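J.: Kindly return the folded structure for what I paste below:
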Amino acid sequence: MKKYNPNIHHRRSIRLKGYDYSQPGSYFITICIKNRICLLGEILYGKMILNDAGRMVEKWYFELENKYTHVKCGEMIIMPNHFHCIVGANLRVCPSTGTPLPQIVQWFKTMTTNEYIRGVKSKGWQPFDGKLWQRNYWEHIIRNERSYNNIVNYIRSNPMKWDADNINPIND
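T.: Just a heads-up that it's a prediction; the model follows:
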């Protein structure tokens, strides 16, 4: 593996400049399946119908509260090829105290990937190439109640907007 060189790799930070990531908060998170392959179910008549893999992702999402007792799992939706959720409580993005958000997301990705691999081997789930999830994730800091309510509405209405979703592979 080549060492990271900022002159070649041009990685952009997804972190908000000037935000104090050491404070507790809630975050809106989106995690996508690598290559936007639809592995978690399908949308029928504006409703998400989870397959076994989608139900497995749901199980591990709520398991976060057992693994990290300070984490509160909020509103979420599993889509055919991505996952939106709100996690909150005493989360930290920088590892000063508490559990850093990237560590929580990494644990979730690891657990779901391992179980998905078992599903491929023993239940005939569709195989994936290399990694189940794309390398990074998208986060948004929820700063107030209005923002929270807008995000909850977005999550709840996401299946009804699937046909126009830019993550939907038919919209390439």
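J.: what's the longest helix seen in the chain in contact with?
T.: Across the chain, the longest stretch assigned as helix under DSSP state H is helix 101-123. Residues outside helix 101-123 that contact it (Cβ atoms under 8 Å, 6 or more residues apart in numbering) are 27, 29, 31, 39, 52-53, 56-57, 60-61, 63-64, 67-68, 71, 87, 91-93, 95, 125-128, 131-133, 137, 139. Backbone N, C-alpha and C define where each C-beta goes, glycine included.
J.: which is the next helix or strand following that helix?
T.: Sequence-wise, the next helix or strand downstream of helix 101-123 (DSSP states H and E) is strand 138-142.
J.: Pick out the residue nearest the middle of this protein.
T.: With distances taken as Cα atoms, centre = their mean, residue 31 lies nearest the centre of the chain, 2.9 Å away.
J.: What about that one? Give its phi and psi, please.
T.: Backbone geometry at residue 31, expressed as degrees, to the nearest 10, gives phi -120, psi 130.
J.: Now residue 159: closest residue in space, sequence neighbours ignored.
T.: Leaving aside its sequence neighbours, residue 159 sits nearest to residue 48 (Cβ to Cβ, 6 or more residues apart in numbering; 4.4 Å).
J.: Quick check: phi and psi at that neighbour.
T.: phi -80, psi 120.
J.: Report the rounded mean pLDDT for the longest helix of the chain.
T.: Average pLDDT, helix 101-123: 96.
J.: And the strands in this structure, which stretches?
T.: Along the chain, the segments classed as strands by DSSP state E run 26-32, 41-44, 47-50, 71-78, 82-89, 91-92, 99-100, 138-142.
J.: Comparing these by mean pLDDT, which bottoms out?
T.: strand 91-92 (a mean of 54).
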